[in-house]
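# Sequence first, predicted coordinates after that:
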Amino acid sequence: MTAVTRVGRVERTTKETSVLVEINLDGTGRVDVSTGVGFFDHMLDQLGRHGLFDLTVKTDGDLHIDTHHTIEDTSLALGAAFRQALGDKRGIVRFANASVPLDESLAQVTVDLSGRPYLVHTEPEGMAPMIGTYDTTMTRHILESFVAQAQIALHVHVPYGRNAHHIVECQFKALARALRYAAEIDPRQTGIPSTKGAL
């Protein structure tokens, strides 16, 4: 257990969406998510449960247009809340990776809680374009939006997979595990894990 409560809370309201995100990095995987986009809710549930983050997400968006603004703004708020929860990053592990299979698909995720946003993302071409109301091209945009606000370096690679649901879901599960491991407190690390003294 950490002495500091590592919780982030972000409210974001525009003419397109109203978003509330709360995250506790030292939780138990308790999730309460509602965005109006069923598959996206399922992915956020994976993120909280496999990251052992307590995660609340409430988004009311302009779904009468499409799902883009709802997914994008939620991802931006989630990244900002994650960054807020990390605080000054004193004592964290910082770097982590995770590989997660889901039947025929495999996701490999590596993360550096660096303070510098950068995304590398590859996944198989020719995926089904939609999973319910979820546009599968949004997966990269979710990660881009999250990374921009969380200010982390994130590499996500899916070397193979066939089923679109599996390809996307294993990415979120691997992301959850990598973020969990990187954000954990290292009992041997008394300061900020950087030669610069800041992250």
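Okay, I see it.
# any idea where the helices of the protein begin and end?
For the chain, the helices defined by DSSP state H cover 38-51, 68-86, 138-150, 164-183.
# mind listing what's buried in the first one?
Neighbour-count burial for helix 38-51 flags 39-51 (criterion: 16 or more other Cβ atoms under 10 Å). Every C-beta, even on glycine, is put in place using the N, C-alpha and C of the backbone.
# between the helices of the chain, which gets nearest to Asn24?
helix 68-86 (7.1 Å; Cβ to Cβ).
# what angle separates that closest one from helix 164-183?
20 degrees (axes from the mean of the first three to the mean of the last three Cα atoms, to 10 degrees).
# now helix 68-86, how far from the centre of its chain.
How far helix 68-86 lies from its chain's middle: 8 Å, per Cα atoms, centre = their mean, to the nearest Å.
# do stretch 41-55 as well
Put simply, stretch 41-55 sits 9 Å off its chain's centre (Cα atoms, centre = their mean).
# who touches stretch 72-80?
The set of residues external to stretch 72-80 that reach it, using Cβ atoms under 8 Å, 6 or more residues apart in numbering, is 8, 10-12, 14, 16-17, 19-21, 23, 35, 40, 44, 57, 59, 61, 138, 141-143, 145-151.
# Show the buried residues in those.
8, 10, 12, 17, 19-21, 23, 35, 40, 44, 57, 59, 61, 138, 142-143, 145-151.
# Residue ranges in this structure under the pLDDT threshold?
The chain contains residues with pLDDT under 70 at 1-3.
# contacting residues for the closest residue in space to Gly115 that isn't next to it in sequence?
Nearest residue to Gly115, sequence neighbours excluded (Cβ to Cβ, 6 or more residues apart in numbering): Leu199, at 4.5 Å. Leu199 is in contact with 88-89, 94, 113-115, 192-193, counting by Cβ under 8 Å, 6+ apart.
# ok, the nearest residue to Ala183 once chain neighbours are set aside - contacts?
Spatial nearest neighbour of Ala183, excluding adjacent residues (Cβ to Cβ, 6+ apart): Leu25 at 5.2 Å. Leu25 sits next to 6-8, 53, 82, 85-86, 183 when contact means Cβ under 8 Å, 6+ apart.
# Drop anything exposed from those residues.
Burial by neighbour count, judged by 16+ other Cβ under 10 Å, picks out 6-8, 53, 82, 85-86, 183 from the contacts of Leu25.
# Adding distance to Pro129, write the helices of the chain out as JSON lines.
Supplementary listing: the helices of the chain in JSON lines, determined by distance: least, Cβ to Cβ, whole Å:
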{"stretch": "helix 38-51", "distance to Pro129": "13"}
{"stretch": "helix 68-86", "distance to Pro129": "14"}
{"stretch": "helix 138-150", "distance to Pro129": "11"}
{"stretch": "helix 164-183", "distance to Pro129": "8"}
